[in-house]
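In: Predicted structure and sequence below. I'll ask about it afterward.
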Amino acid sequence: MPASSSPTQPPSSSASEEDDGPLRGQFLTLEGSEGVGKTTNLGVIERYLRGQNIDVLVTREPGGTALGERIRALLLDVAADESEPPMHQMAELLLMFAARAQHVATVIEPALAAGRWVLSDRFTDASFAYQGAGREMGNATVATLETLVQGSLRPDVTLYLDLDPEIAFKRIAEREHDRIEREERTFFHRVRDCYLARAAAEPERFAIVDASLDIESVERSVVAALAAKLLPA
Ligand code: ATM
């Protein structure tokens, strides 16, 4: 794990801190498709970290800033696809990264630099999964924007809540769907395959949690996976 501090220790004062400023916080992200219980588990992770006396900032993408939340509304509004012509996939990708540029520069980087931990409900893995794979725009375009917008910033730990899209569809069938959730099933199979491939390629960073189990089991697995990732090597 590319940690700049002992990850189970909350940022604390030290002799070197006076010279170099606070130890940089850890950047954690949570990913998963709709219907996996992402919001519930975000709360579980936040409580776990606070229980370890870790000062954590919880945020989300797209969003996390006033500008980002306005961009989020544009991105998820079904009217954008009911208009003629519908939102172009490149416009969608660039809006994701426009929101991210503001989020990284004004929220995530300052918090990490101040020694706070950051827990984000989604980050750039979602752009690879939804735009790169779901929309079939490819990894290279997303990777170019990733470098442009984030420089070297990458999550230290990513928890991926994995669920077969066929089960997810049943779970969210009754709900009103936003613009992206209205996509066809094959889209969500590509999204899942991409997440699993990214997790396999970066096992140090990723932990996969089986989200098909009951809520309590998923919550226990989330805490266990996080604790294992945060243990000093
Ligand atoms: P949440 O519902 O998890 O807040 O995410 C909103 C949508 O944004 C979600 N849609 N679905 N289904 C995933 C999508 N999204 C992207 O397509 N690309 C991104 O880079 C991000 C951060 C989210």
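Out: Received the coordinates, thanks. Residues are numbered from 1 along each chain as shown.
In: Please enumerate the strands of this protein.
Out: Shown for the chain, the strands assigned by DSSP state E span residues 27-32, 56-60, 117-121, 157-162, 206-210.
In: Could you dump those strands into TSV and include distance to the ligand and mean pLDDT?
Out: In this view, the C-beta of every residue, glycine as well, is placed from N, C-alpha and C. As requested, those are exported to TSV (distance: least, CB to the nearest ligand atom, whole Å; pLDDT from 0 to 100):
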stretch	distance to the ligand	mean pLDDT
strand 27-32	8	98
strand 56-60	6	98
strand 117-121	6	98
strand 157-162	11	98
strand 206-210	16	98
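In: Which single residue of this structure ends up nearest the ligand?
Out: Y130 (3.1 Å; CB to the nearest ligand atom).
In: That residue reaches R192, doesn't it?
Out: No: assessed by CB atoms under 8 Å, Y130 is found out of contact with R192, at 10.8 Å.
In: what residue is smack in the middle of this structure?
Out: Nearest residue to the geometric centre of the chain (CA atoms, centre = their mean): R122, 2.0 Å.
In: how many other residues sit next to the closest residue to that one other than its chain neighbours?
Out: Nearest non-adjacent residue to R122, counting by CB to CB, 6 or more residues apart in numbering: E61, 4.5 Å away. The local packing of E61 (other CB atoms under 10 Å) involves 22 other residues.
In: Mind checking which of Y130 and R192 has more residues around it?
Out: Neighbours were counted for Y130 and for R192 using other CB under 10 Å; Y130 has more, 26 against 20.
In: Which residues of this protein lie near the ligand?
Out: With CB under 6 Å from any ligand atom as the criterion, the chain meets the ligand at residues 34, 38, 60-62, 96, 122, 126-127, 130-131, 180-181.
In: Out of the residues you listed, grab the one that's most surrounded.
Out: Counting neighbours by other CB under 10 Å, S127 comes out on top of the residues of the chain next to the ligand with 28 neighbours.
In: What distance do you get for that one to L153?
Out: 14 Å (CB to CB, to the nearest Å).
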